[in-house]
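Peer 1: any chance you could fold what I've pasted below:
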Amino acid sequence: MLRLIALACVCLSLVGFTTAHLPALSLSERLAAPGGVSPLLPRDRIEAMFARLPHREGFVPVNGVPLYWRALDPGDYGLRYRYAGGTAANRMDFQLDFDAAARPSAQKPRGTVVLLHGWMMDGRSLLPWALELAQAGYRTISVDLRNHGRSGVAPSGYGTREGEDVVAMLRALRERGEVTGPLHVMGVSYGAATAIFTARDLGVQAGGVVAMESFDNAGSAIRDMVPHMLTRPASNWRDRLALPLARWRYSGDSLNVAIAQADRKLGLDLDKVDVGAALAQAPACVLLIHGDADRHIPVAHGRLLAAASKRARYLEIPGEDHLSLPMRLDRLAPTVIDWFERTPTATPACPQPLAPGGA
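Peer 2: Numbers count the residues shown, from 1 in each chain. Predicted coordinates:
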């Protein structure tokens, strides 16, 4: 039995878009490409965990970019997860246990769930959800999006180009037999927006979709997130030096200038990356989940998305913010699993989601 206590980095890393230290003089570069990996992602530790789990992995070249993927088959992994809360400064109070000797079962997967990570993260960050869903009978495929993890480098698309990548990768993996049964998609933050674009591009091939704390519009999300990030208290000497300079540098219209510079670098108008429009075009049933205490991607984004499509269902989780929400497997896993069970294909009428657990 492998026991890992207080491994909050695993789940906090789901939201890496919000946790990077912002360079005072290079925000446009950071907006155009991650520029590194969030310190919240304990890569070596998670890699050691995967080394004890039977899995498959590989690369698929799509759109000139090699995409890395990793699959877990259904099985009883002895997963035990307990979230014990946290504070604004310390969200590290939970336990994650699993049996390192566990092996996949012989059962046929009830479907495939593709997992899409946040900014400055990679597929490793979704290990808790991969295990949870595998124990529920699903094959899970965690993807490193372009510019992240082991995948190749190419212009970021804030979900647009990434969604095209994922669709092409899934087509190749289905030919190899890796995608079996109903195909579901789940994403967090940046990965949630990508999940919605993926669902639009997959069309009727997509089953259920879960988009957790997605932004509605890329430009608006940046304008909401950066000021909030700059108001956080300094946690180390680097912050004490960098944050005052960054607050001065990106006051007034400077943030709009940085966004315009990123637009030119990407060949993309971030103010026209409209996730709501993509949601309205997706035939899949999409479950939107947002915490009402989210200050990084404010809850207004979730509400706007919910109004964009009659096929969307919306859950607003009281008391959860952008960091805590993805950690709440205890509250959300039954809802997510039930959603996939009841949305194996695009149906004329999307069901109402199972109410999440209490706080």
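Peer 1: biggest helix in this structure by residues?
Peer 2: The single longest helix within the chain, with elements called by DSSP state H, is helix 160-175.
Peer 1: what residues of that one count as buried?
Peer 2: Across helix 160-175, burial judged by 16 or more other Cβ atoms under 10 Å covers 160-170, 172-173. Heads up, the C-betas are built off the backbone N, CA and C, glycines and all.
Peer 1: ok, those vs V286, which is closest?
Peer 2: G163 (13.2 Å; Cβ to Cβ).
Peer 1: surely the closest one and Y190 touch.
Peer 2: No. If you go by Cβ atoms under 8 Å, G163 and Y190 don't touch, sitting 11.5 Å apart.
Peer 1: ok, back up a step: pipe the buried residues of helix 160-175 into CSV and attach pLDDT and distance to G219 per row.
Peer 2: Output for the buried residues of helix 160-175, formatted as CSV (pLDDT from 0 to 100; distance: Cβ to Cβ, whole Å):
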residue, pLDDT, distance to G219
T160, 98, 13
R161, 97, 16
E162, 98, 17
G163, 98, 18
E164, 97, 20
D165, 98, 22
V166, 98, 22
V167, 98, 24
A168, 97, 26
M169, 98, 27
L170, 97, 28
A172, 97, 32
L173, 97, 33
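Peer 1: N147: which of those is nearest?
Peer 2: Nearest to N147 among these is E162, at 8.9 Å by Cβ to Cβ.
Peer 1: ranges for the strands of this structure?
Peer 2: For the chain, the strands defined by DSSP state E cover 2-5, 56-62, 65-72, 80-83, 94-98, 112-116, 139-144, 183-188, 206-212, 285-291, 312-317.
Peer 1: only alpha carbons, please: show the fourth one as PDB.
Peer 2: This means strand 80-83. Below are the C-alpha coordinates for strand 80-83, written out as PDB (Å, rounded to 0.1, in the frame of the first residue of the first chain):
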ATOM      1  CA  ARG A  80      -9.000   6.300  -0.800                       C
ATOM      2  CA  TYR A  81      -9.200  10.100  -0.800                       C
ATOM      3  CA  ARG A  82     -10.100  12.400   2.000                       C
ATOM      4  CA  TYR A  83     -10.200  16.200   1.700                       C
END
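Peer 1: other SSEs contacting that strand?
Peer 2: Judged by 3 or more Cβ pairs under 8 Å, 6 or more residues apart in numbering; DSSP states H and E, strand 80-83 is in contact with strand 94-98, helix 329-342.
Peer 1: tell me which other helices or strands the longest one touches.
Peer 2: Helices and strands touching helix 329-342, by 3+ Cβ pairs under 8 Å, 6+ apart, are strand 80-83, helix 127-135, strand 206-212, strand 285-291, strand 312-317.
Peer 1: and the last one, which strands flank it?
Peer 2: The pairing partners recorded for strand 312-317 under DSSP bridges are strand 285-291 (parallel).
Peer 1: what's the angle between the strand it pairs with and helix 329-342?
Peer 2: If you take axes from the mean of the first three to the mean of the last three Cα atoms, to 10 degrees, strand 285-291 sits at 170 degrees to helix 329-342.
Peer 1: worst mean pLDDT among the helices and strands packed on strand 80-83?
Peer 2: Note on the helices and strands packed on strand 80-83: strand 94-98 shows the lowest mean pLDDT, a mean of 72.
Peer 1: for that one, list the C-alpha coordinates in CSV.
Peer 2: Below are the C-alpha coordinates for strand 94-98, written out as CSV (Å, rounded to 0.1, in the frame of the first residue of the first chain):
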residue,chain,number,x,y,z
PHE,A,94,-6.0,15.9,2.4
GLN,A,95,-5.0,12.3,2.0
LEU,A,96,-4.6,10.2,-1.1
ASP,A,97,-4.0,6.4,-0.8
PHE,A,98,-3.9,3.7,-3.4
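Peer 1: pLDDT of stretch 344-351, averaged?
Peer 2: 84.
Peer 1: how about the CA coordinates for that stretch, as CSV?
Peer 2: The C-alpha trace of stretch 344-351 is given here as CSV (Å, rounded to 0.1, in the frame of the first residue of the first chain):
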residue,chain,number,x,y,z
PRO,A,344,-23.3,8.1,-23.3
THR,A,345,-24.2,9.9,-26.5
ALA,A,346,-25.6,13.3,-27.6
THR,A,347,-29.3,13.0,-26.7
PRO,A,348,-32.3,15.3,-27.5
ALA,A,349,-32.7,16.2,-23.9
CYS,A,350,-29.8,16.5,-21.5
PRO,A,351,-30.4,15.3,-17.9
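Peer 1: returning to what we had before: can you redo the buried residues of helix 160-175 as CSV with distance to A211?
Peer 2: Below are those laid out as CSV (distance: Cβ to Cβ, whole Å):
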residue, distance to A211
T160, 15
R161, 18
E162, 13
G163, 12
E164, 17
D165, 17
V166, 13
V167, 16
A168, 20
M169, 19
L170, 17
A172, 24
L173, 21
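Peer 1: so which of the residues you listed would you say is closest to P244?
Peer 2: E162 (34.0 Å).
Peer 1: A48 versus that closest one, what's the distance?
Peer 2: Separation of E162 from A48 (Cβ to Cβ, to the nearest Å) stands at 28 Å.
Peer 1: just to revisit the earlier point, CSV for the helices and strands packed on helix 329-342, including mean neighbour count, distance to R331 and mean pLDDT?
Peer 2: CSV is the format used below for the helices and strands packed on helix 329-342 (neighbours: other Cβ atoms under 10 Å; distance: least, Cβ to Cβ, whole Å; pLDDT from 0 to 100):
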stretch, mean neighbour count, distance to R331, mean pLDDT
strand 80-83, 15, 8, 80
helix 127-135, 24, 12, 94
strand 206-212, 28, 12, 96
strand 285-291, 27, 10, 97
strand 312-317, 20, 7, 97
